[in-house]
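*Asks:* model the following, please.
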Amino acid sequence: MRSLLSTFVTQYWSRSAYLASIHKKEELKLLNTGHPRQVHVFLALDDPYSFLLLQVMPGFQIRFDLKLTYHLIHNRQQDMFPEPERWRYWAIDDAQALAEIYQLDLPNTYPSLQIIQQCQKRWCLHSNISTAQALDIFQEAWHTHADSNTLQHPPEINPPTDTPAAISQSEKTLKSLKGYLPATIFYAGDTYWGIDRLEHLELRLIKKTAGQNALTERSSLSTHQSKIEFNRHYAQFCQHSPESVIDKTTPIVFYFSMRSPYSYLALIRLTQLSEHYQIPLKIKPVLPMIMRGLKVPRNKVRYIFFDTLREAKKYGIPYGKVADPLGKGVINCYALWEWAEQQGKGVLFLNAFSTAVNAEGIRADTQAGLKLICERCELNYDDACLQLTSDSWKKWAKQNQSDLYDAGMWGVPTIQYKNTLVWGQDRIWRIEQALLDDQP
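*Replies:* Numbering: from 1, shown residues only. Model prediction:
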């Protein structure tokens, strides 16, 4: 019963009419305050994505005539970061890749705790900090001793320090908005994390401005205003000739979880990438976090759902009517996957299974659901049923998790091609770049 209710709720939430009504309601609230373009931006001095986001805000603010309010945070919710040290080692490398494609500035080391604390005090001297003032403080934090090689480890996310009252208040505000990450923008009911999601805010503001111009008979949007600028990380996806990739034997390795919506998006897109460039895709499934005893807070689950929804729409991937496969559904999938793989249908099976539970509300813990999925892959259902009693999948799922940790990563979707290792479906562009740059 609970599963059916969850499927109904996600289907309702994913309706365009529902999302439009939420936007309209929240935009009306802003209009009544006299600030229809009020945007809240949460930043952290020890967060590379915050530094990148802040660098693009001056132009973004002018372009859409925004009223920006900045909030500096420091402490994060611990349960939102299952492996904070691994995350931060990865983040500096990942953020530098973003800085390169957007031609932004980012040193290769984190600021020291001493510098962070000094800059926090500078920030708190301003009651309503401007973009220029905020950027000046971040520049000081990231460029003081940036050329030094003495910093071997990133500072902890939550160092034992007294946090200024203004920062503590910002952290409470972030939590009240159901947010949990720095480099996060809040505008009229929606949350946008980092440069990666600015294109969604761009599109919303472009449509809003165009609608206002139509109502007031103002001139149309300028070319600069109407152009999506923050899509460089996927705009060229599968646009190159298959012959551009010379090595056709080394596989893309993909750590995947059946319950992860981002894994679902990555699976669809990596399948497209693999087929386009005619290279193998090696999938290594792991257990979902909850089935490994880890917690996933409700705020995070909600954000992931709505973020996946808009990312899926961008890519033209169906998503929204979700039948959560947690537990029996995941077990059924993994019990059958190796058998399907032996018949050369492992990727096909996971695609069919993922689409069924993420887009069609098909329950994978039922005979009817499993039979339908098998039929779509032309797999014999009676033979499939014989595999469901085997627990051999536990061994390889555990080994895959161990391999993931040995690689220095912690969660899914993690993707690797030779020496390029990334986390997130929105980092497939780095894998494609590695394929294209690879030379014998």
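*Asks:* all strands in this structure, in order from the N-terminus.
*Replies:* With DSSP state E as the criterion, the chain has strands at 38-44, 67-73, 184-187, 190-193, 252-256, 281-285, 414-417, 420-423.
*Asks:* so which of those strands is nearest A364?
*Replies:* The minimum distance between A364 and the strands of the chain falls on strand 281-285, with 13.8 Å, by CB to CB. Using the backbone N, CA and C atoms, a C-beta is placed for each residue, glycine as well.
*Asks:* relative to the whole chain's centre, how far out is that closest one?
*Replies:* In this view, strand 281-285 has its centroid 20 Å away from the chain centroid, taken as CA atoms, centre = their mean, to the nearest Å.
*Asks:* can you check stretch 316-327 too?
*Replies:* In terms of CA atoms, centre = their mean, the centre of stretch 316-327 is set 16 Å apart from its chain centre.
*Asks:* will you turn the strands of the chain into a markdown table that also has mean neighbour count?
*Replies:* Output for the strands of the chain, formatted as a markdown table (neighbours: other CB atoms under 10 Å):
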| stretch | mean neighbour count |
| --- | --- |
| strand 38-44 | 23 |
| strand 67-73 | 20 |
| strand 184-187 | 22 |
| strand 190-193 | 21 |
| strand 252-256 | 23 |
| strand 281-285 | 18 |
| strand 414-417 | 24 |
| strand 420-423 | 20 |
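*Asks:* what is the least confident helix or strand in the protein?
*Replies:* Among the secondary structure pieces of the chain, namely its helices and strands, helix 223-226 has the lowest mean (mean pLDDT, DSSP states H and E), a mean of 60.
*Asks:* could the strands of the chain go into CSV alongside distance to L326 and mean pLDDT?
*Replies:* What follows is the strands of the chain, written out as CSV (distance: least, CB to CB, whole Å; pLDDT from 0 to 100):
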stretch, distance to L326, mean pLDDT
strand 38-44, 30, 97
strand 67-73, 31, 97
strand 184-187, 27, 97
strand 190-193, 24, 96
strand 252-256, 15, 98
strand 281-285, 14, 98
strand 414-417, 20, 98
strand 420-423, 22, 97
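*Asks:* just so I know, which of the ones you listed lies nearest E171?
*Replies:* Nearest to E171 among those is strand 67-73; the distance by CB to CB comes to 4.9 Å.
*Asks:* pLDDT at A165, what is it?
*Replies:* A165 is assigned a pLDDT of 92 by the prediction.
*Asks:* that one and E140, how far apart?
*Replies:* A165 sits 22 Å away from E140, taking CB to CB, to the nearest Å as the criterion.
*Asks:* who has more neighbours, these two?
*Replies:* When A165 is set against E140 and neighbours are counted by other CB atoms under 10 Å, the residue ahead is E140, at 15 against 9.
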